[in-house]
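I would like the atomic coordinates for the input below:
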Amino acid sequence: LFFPGTLATQHQHQLLEAMSEEEWEETLSDLSESDAGSWIESEHSGLKEFFRQNGVCLTAGIIVADVVGAGILAMPLAVANFGLVPGSIALVVFLAANVHISIVMWRVRMFCPTCENANTYTALVRGAFASAPVWQRHLMVVVTGFCQKSFILGMLVLYLMSAGKGFGMMFYETQICLPVWVFYAALLLFPFAVTARRMGTWQSLVWINVATIIGTVLIPLAYYALYGTEKFRLSGSKVEMVSNLSSREMLSSASIYTFGMTSQFLLVEIIAEMKEPLKMPIAYAAVSAPLQLVMFAVAGIGGYLCMGNKVDGMMNENLPFGGAFQLAAGCMLTHMLISYLIKGVVLCKSVHRLADAKYADASDNRLRSWIVWICIVSLMLLLAWFLANIVPFFGAAVDLLGASVTPISCWLVPLILYMRMCWDYPDWDCEDPKSSSRCSRFLKSLEWVAIGLECTLALLLLLFGTGSSLRTIAKEWSTYGEPFECHCEGLWKTCSCSASHAGMVDICPLPT
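Predicted structure coming up:
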């Protein structure tokens with residue numbers, strides 16, 4: 001601001017750190033005509049770090065809120081398909097693989113010389129492939145951008161649909177159809193979405209989200225512990241140490257694990273908002289990962305032990321109508337809306353940069369910037385509402401997202417970026433290549449074996465899992481109903497809509 005066109009010196013840093021928030025806003029408003037936001041984000045300003053607000057704890061909270069989303073509610077089904085022992089082992093293995101791939105992606109962002117200023121996923125790909133042939137770079141950027149954006153859009157649709165279900169479940173005595181509840185959920189989200197231009201804008205909501213995730217999982221489990229599950233389990237449902245795995249069930253479980261534990265499609269943006277990006281492994285591996293493990297284990301293993309191998313749908317859907325059902329639904333509603341908010345920021349910012357790049361900076365308070373932002377957020381909510389009412393099926397959507405774009409965007413692309421960095425800069429991790437010890441060489445070899453296994457698993461899931469998910473959807477399409485149907489199942493406490501719901505068997509007469 002004071003010495004444009006040069007890097008900020010230590011004295012300038014001290015002056016800038018001493019400025020109050022009001023002085024920052026006044027200074028930025030004076031620079032509006034010269035596009036202050038774009039200048040701050042440029043490589044010449046040296047001020048980008050002053051707009052990074054997220055510390056280790058907040059970053060860990062954002063990662064938990066990002067990773068532990070809708071997928072956690074399908075974890076009992078994933079464990080049930082494998083059986084208790086293999087399902088528990090698979091849960092740990094998939095989470096460890098996700099943490100490892102995230103750390104690998106962080107290495108590319110921090111230590112690849114051409115990725116130092118990468119603040120988006122596609123910018124990271126462009127930087128990592130800077131020395132590659134042009135056609136390779138363009139191909140990777142297009143594939144990554146498409147997979148990332150389509151995955152986030154699919155997540156937003158899933159979140160909004162689940163939030164609408166949560167709304168309807170809270171007020172199950174009010175007979176309003178699902179499309180209307182989904183619209184109400186979008187209206188509730190709108191004021192938060194239009195004011196959140198960074199993932200850490202609403203810091204309190206991040207921690208509320210973590211609390212509601214825990215509530216969504218623990219309320220059903222606590223209810224089962226107090227009242228038992230004999231009345232709610234399907235006939236013949238049991239706990240098996242090892243199930244009779246079919247290829248379809250194995251692929252379905254792998255898709256659920258992959259979908260439920262991924263974060264790589266937002267990781268670059270999360271790193272970009274950290275005060276100290278070098279501490280991301282602490283936020284991820286030391287703080288976030290143990291919490292994720294506990295939550296996934298409690299949800300998956302606990303839900304399976306309670307409901308048995310015939311568990312279906314989301315955990316809270318297996319509760320009988322009543323106070324616990326409404327409380328769990330309220331937690332799900334809150335969790336889904338905040339999860340939409342976090343991921344929606346990334347997608348809407350990307351669209352904003354594409355539509356009006358000069359006014360797309362999150363720090364730009366000019367009227368045009370805000371008008372375009374509000375329009376983009378509104379259109380994205382309408383699109384998500386429209387798509388949610390065309391494909392209102394939860395489990396099949398999780399399988400399809402987990403098997404199709406997730407292996408590409410969250411597994412293969414980060415690993416390929418790391419391979420490219422190691423090819424172009426083989427000594428990136430050692431100032432003196434000759435000083436590498438035998439132990440470090442052994443660990444590197446072990447890591448490359450793990451990378452090979454992760455790539456193989458991702459390719460198998462992509463090739464066979466996607467086909468299996470599409471065949472399942474085609475087979476069961478007639479059971480999903482027409483687009484924009486009422487879909488009152490599990491929402492209305494009536495025999496015509498919820499005769500098979502938990503606790504309704506004694507109320508509703510058996511069909512003759």
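
helix or strand for the residue lying closest to Ser404 once chain neighbours are set aside, which one?
Once flanking residues are discounted, Ser404 sits nearest to Thr466: 4.7 Å by Cβ to Cβ, 6 or more residues apart in numbering. For the C-beta atoms, the positions are set from N, CA and C on the backbone; glycine is no exception. Using DSSP states H and E, Thr466 falls within helix 466-480.

returning to what we had before: could you report the neighbour count for the residue nearest to Ser404?
19 (other Cβ atoms under 10 Å).

need the contact list for it.
Listed by Cβ atoms under 8 Å, 6 or more residues apart in numbering, the contact set of Thr466 reads Leu400, Ala403, Ser404.

Could you do Leu205 as well?
Per Cβ under 8 Å, 6+ apart, neighbours of Leu205: Phe192, Ile338, Leu341.

and the gap between Val413 and Lys343?
18 Å (Cβ to Cβ, to the nearest Å).

Rebuild the contacts of Leu205 as JSON lines, extending it with secondary structure.
Formatted as JSON lines, the contacts of Leu205 follow (DSSP: H, G, I helix; E, B strand; the rest coil):
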{"residue": "Phe192", "secondary structure": "helix"}
{"residue": "Ile338", "secondary structure": "helix"}
{"residue": "Leu341", "secondary structure": "helix"}
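
In a markdown table: the residues you listed, plus pLDDT.
Shown next, in a markdown table, are the contacts of Leu205 (pLDDT from 0 to 100):
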| residue | pLDDT |
| --- | --- |
| Phe192 | 89 |
| Ile338 | 86 |
| Leu341 | 87 |
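
What is the nearest of those to Gly228?
Nearest to Gly228 among those: Ile338, at 32.4 Å, using Cβ to Cβ.

ok, now which ones touch the residue lying closest to that closest one once chain neighbours are set aside?
In space, Ile338 comes closest to Asn209 once its chain neighbours are excluded; the distance is 3.9 Å by Cβ to Cβ, 6+ apart. Applying Cβ under 8 Å, 6+ apart to Asn209 gives the contacts Gly61, Ala65, Thr334, His335, Ile338, Ser339, Ile342.

how far is whichever strand or helix holds Asn209 from where the chain is centred?
If you go by DSSP H and E, Asn209 is part of helix 203-227. Here helix 203-227 is found 18 Å from its chain centre; the criterion is Cα atoms, centre = their mean, to the nearest Å.

Give the buried residues for the helix or strand following it.
As assigned by DSSP H and E, the chain's next helix or strand after helix 203-227 is helix 247-261. Using 16 or more other Cβ atoms under 10 Å as the test for burial, helix 247-261 gives 248-261.

and if you look at stretch 370-382?
Buried-residue list, stretch 370-382, by 16+ other Cβ under 10 Å: Val372, Trp373, Ile376, Val377, Met380, Leu381.

Export the buried residues of helix 247-261 to JSON lines and append columns for pLDDT and distance to Ser288.
Formatted as JSON lines, the buried residues of helix 247-261 follow (pLDDT from 0 to 100; distance: Cβ to Cβ, whole Å):
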{"residue": "Arg248", "pLDDT": "76", "distance to Ser288": "32"}
{"residue": "Glu249", "pLDDT": "78", "distance to Ser288": "29"}
{"residue": "Met250", "pLDDT": "83", "distance to Ser288": "28"}
{"residue": "Leu251", "pLDDT": "79", "distance to Ser288": "27"}
{"residue": "Ser252", "pLDDT": "78", "distance to Ser288": "26"}
{"residue": "Ser253", "pLDDT": "83", "distance to Ser288": "23"}
{"residue": "Ala254", "pLDDT": "84", "distance to Ser288": "22"}
{"residue": "Ser255", "pLDDT": "81", "distance to Ser288": "22"}
{"residue": "Ile256", "pLDDT": "82", "distance to Ser288": "20"}
{"residue": "Tyr257", "pLDDT": "87", "distance to Ser288": "17"}
{"residue": "Thr258", "pLDDT": "84", "distance to Ser288": "18"}
{"residue": "Phe259", "pLDDT": "78", "distance to Ser288": "18"}
{"residue": "Gly260", "pLDDT": "80", "distance to Ser288": "14"}
{"residue": "Met261", "pLDDT": "85", "distance to Ser288": "11"}
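
Most widely separated two among those?
Pairwise across the buried residues of helix 247-261, and taking Cβ to Cβ, the largest span is found between Arg248 and Met261, at 20.8 Å.

about what we covered before: could you tell me which of the buried residues of stretch 370-382 belong to helices?
Val372, Trp373, Ile376, Val377, Met380, Leu381 (DSSP state H).

State the helix or strand in which Gln175 lies.
Going by DSSP H and E, Gln175 is not part of any helix or strand.

brain fart, Lys493
With DSSP H and E as criterion, Lys493 is part of no helix or strand.

Can you get me a residue count around it?
When neighbours are defined as other Cβ under 10 Å, Lys493 has 19 of them.

Can you find which helix in the chain contains the most residues?
The chain, longest helix under DSSP H: helix 134-170.

Kindly calculate the angle that that one makes with helix 203-227.
Put simply, helix 134-170 runs at 50 degrees to helix 203-227, going by axes from the mean of the first three to the mean of the last three Cα atoms, to 10 degrees.

Let me know the pLDDT of the most centrally placed residue in the chain.
For the chain, the residue nearest the mean C-alpha position is Asp66 (4.0 Å; Cα atoms, centre = their mean). Note on Asp66: pLDDT of 72.

who's in contact with it?
Ser263, Leu266, Ile270, Ser339, Ile342, Lys343.

Report the contact partners of Leu453.
Contacts of Leu453 by Cβ under 8 Å, 6+ apart: none found.

for Glu317, that is, sorry about that
Met169, Gly490.

How much space separates Ala324 from Thr216?
For Ala324 relative to Thr216 (Cβ to Cβ), the value is 12 Å.

Compare the two and say which is more crowded by neighbours.
A direct count of neighbours by other Cβ under 10 Å for Ala324 and Thr216 places Thr216 higher, at 28 against 18.

Farthest-apart pair in the contacts of Asp66, please.
Between any two of those (Cβ to Cβ), the greatest distance is 14.0 Å, for Ile270 and Ser339.

and Ala225, how many neighbours?
12.

avg pLDDT for stretch 125-137?
Here the average pLDDT along stretch 125-137 is 93.

what does stretch 320-327 give?
On average, stretch 320-327 scores 90.
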